[in-house]
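**Student:** this is the structure alone, sequence omitted:
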């Protein structure tokens, strides 16, 4: 089965060189999952596992043994990763051995010198006096953890040189696996060693026994001699002389060795001084090293050295050490101030902030540096947001596409909208804009985008810093840092409410700044001086408000992605709701203004259906409006439908109805508009013979007032049958409510305008025709009671028919769909007038009755395609008012005259015939 972890890798060792038994710190990767996982550690080929202390997966502490190699790698072996590798090496320093004849600046103990004759060390160091294996059997290390042994034998030690030596501890630690026979052999070895030591002292005494006896005999003889002479206490006696001789011998000996002993004392003091300097040079050089490493930015080295010095010399009472250590503390205090200053500097990256916080924590800086950093970042972000507003208000930022403070050119909001025609209010309906229009982004839009950049750019790092503060990841998870982690978590729990207030302050500041730029009326009067001041700026259109909504939504989504609680972001949701409502209302109001200006674009050029471009332009304008409202009305996660708000729904419906009424008013205005450029020669009653009189309405055509009425009538008909129905579908498709009311009111308004215009046109065209009948009938003093035999239809009727044909041509030129409606009304007016005239005649002669019947029948038959019930009734009443024809000759004459009339006017009367009816042949 393959291992789950990578092999150990040693990447650093500190110090990198030293003598045997030097304590070193090994750093690297995958150095084990715990003490039991560490099964091997060698430095320069020497097994150092016995002194190894596993700290973490990246740190091991041990002592270097007396290896054979002077330089070698550090190899770590673990159960989980196997045999490891090393990218660094350790240099083992050998103690210098000095021969008996070599010069030295220090005193060399004579018991420890190098014999060049035998090439071996004759001296015995104190360490060598301690046997490595006092029992004389193989050592078999057990696997019992050191901590368990310490708990079992409290206050004892397994070191046989210690005062608290415990034999049981030693056996458990070094001979757990030894057999009973081996332990018996070890006991015999101990007995032999004790016997040998006692025998050595006895042999020394036996070897010098004769010398002792001889000395004792000599001293006894001298004592007897002195007693017999009685001169033991006399001046000049042998005893006195012997004492003097011994004193002189002593003085001579002292004189001989004084120089040697002086040199020894001087060497001892020099050696002691050098030992102190060598041993404590780390402390003496530390202030200078700290200053140098601070200048280079090696703060990790400074912290490690300080921790080492603090553990070694912190509790010292030696004056010189206290003086140097006090200087070290001064340097460290300055470093704390420097790191805190760097930590609170803005702007700063999250990586640097975490690094400085760890440094300050390792240096045991007073207070809570992490919270100080969070507080400083909070104030800095608030100031950035406020400065952004102040820059735009003071006019320092002009034009889009300018370089921002970081030196990069950001695409303008309009640039992002340029490819979306649905967001360009008015589109082609607008007056062509100057070439610089694309780059004239309103300052409110630039401000909101810049403000959003500030929030999106700074808030994530601010939030991540807080999360690191909460979970303690600002500090390493090793055992030696666990206290700091717990302290950080405890501080974070105590300051959760304070941080929540910070986030609330940021979101409220963002919302107030946006409100001040776009919705100043929603701010309290006291906040207008801080967040308002945009009164002189450009009024925004719906397209720009849509872009702002998009920007604010992006800001909200970015903050939601950080898992900031929704209750802290509710103010942004409320702002978005009001912006969407404001955008809806502004778009509807601006569309109303656009529709008002549509009348200026009427060119009076009709298509095959008699419709100008005005209805299409109106429909397109409304479609563009609805498309531009797609994003503001879109319901994102957590947002509500603005059209479900009753007040908004009612207001939007009223504004939409207003747009429809404005367009209908435009049509009415166009129908009554006077044009001074209209040529009077275009009067419809003249120039009937011109072949191009009604050939069509072309571009540049200037219609008469009657033609305007017809064109507007045709447009009204199209609006009712198509445009308003299409718009109703678009309203429902885009989710706008109140469609039924909008359609109903629009239909009623356009029908009312249609009736009004139709009646005006009929009045203008029917009255002249009907008014010309009576003068024409009685022209030349005609008398129904005294007239000649009829020879045909008189000219007045032909002129009336030509006038009706002219109206037909005028209407047909605009819209053939209007012809039946208009002609029926014209015919109804003419028939009513003929009926009235016939009923006013008191009596008819025979020829007069025949003439009247001929003309009534001719008129009725000619316009028969446009007769309605009222017209038929009028003709019936008129014919009933005439005397009946009784003779067959009269009836035959009537038929012949009617056929003659139809034949003579066949070409003119063809326009009255439906396409399915063939014209009458001669």
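**Tutor:** Yes, it's here. The shown structure was predicted, so the numbers you read here are calculated from the model rather than taken from an experiment.
**Student:** could you list the low-confidence segments of the stretch 801-922 of the chain?
**Tutor:** The stretch 801-922 of the chain contains residues with pLDDT under 70 at 914-922.
**Student:** kindly report the same for the stretch 351-500 of the chain.
**Tutor:** 396-439, 475-484.
**Student:** please redo it, this time with the cut-off set to 90
**Tutor:** 351-375, 377-378, 380-452, 454-500 (pLDDT under 90).
**Student:** so which strand or helix has residue 91?
**Tutor:** strand 89-92 (DSSP states H and E).
**Student:** so which bits of that strand are buried?
**Tutor:** 89, 90, 92 (16 or more other CB atoms under 10 Å). (C-beta placed from N, C-alpha, C; glycine too.)
**Student:** centre of the chain to it, how far?
**Tutor:** 51 Å (CA atoms, centre = their mean, to the nearest Å).
**Student:** packing partners for that strand?
**Tutor:** strand 17-18, strand 71-78 (3 or more CB pairs under 8 Å, 6 or more residues apart in numbering; DSSP states H and E).
**Student:** return the most buried member of those strands.
**Tutor:** Mean neighbour count (mean count of other CB atoms under 10 Å) peaks for strand 71-78 among the helices and strands packed on strand 89-92, with a mean of 20.
**Student:** next structured bit after that strand?
**Tutor:** strand 82-83.
**Student:** so where is the stretch 551-700 of the chain shaky, pLDDT-wise?
**Tutor:** 552-582, 584-700.
**Student:** which stretches of it form helices?
**Tutor:** 566-596, 614-628, 630-633, 646-672 (DSSP state H, counting those that start in this stretch).
**Student:** next one: the stretch 401-550 of the chain
**Tutor:** Using DSSP H, counting those that start in this stretch, helices in the stretch 401-550 of the chain cover 413-417, 443-471, 482-494, 496-518, 528-531, 542-561.
**Student:** pretty sure residue 811 is touching residue 819, no?
**Tutor:** Yes - with contact defined as CB atoms under 8 Å, residue 811 counts as touching residue 819 (5.1 Å).
**Student:** out of the two, which sits in the busier spot?
**Tutor:** residue 811 (27 against 20; other CB atoms under 10 Å).
**Student:** and the protein, what are its domains?
**Tutor:** Domain ranges of the chain: 9-92, 134-178, 579-674+704-770, 779-911, per the TED database.
**Student:** so which of those domains gets nearest residue 261?
**Tutor:** Taking CB to CB, domain 9-92 is the member of the domains of the chain nearest to residue 261, at 30.7 Å.
**Student:** pLDDT (mean, whole number) over the closest one?
**Tutor:** The pLDDT scores in domain 9-92 average 90.
**Student:** same thing with stretch 227-247?
**Tutor:** 70.
**Student:** when you give positions from now on, start the count at 666
**Tutor:** Done: numbering now begins at 666, and the last item shifts to stretch 892-912.
**Student:** how close does the nearest residue to residue 682 once chain neighbours are set aside get to residue 1008?
**Tutor:** Nearest residue to residue 682 in three dimensions, chain neighbours excluded: residue 756, at 3.8 Å (CB to CB, 6 or more residues apart in numbering). Counting by CB to CB, to the nearest Å, the gap from residue 756 to residue 1008 is 38 Å.
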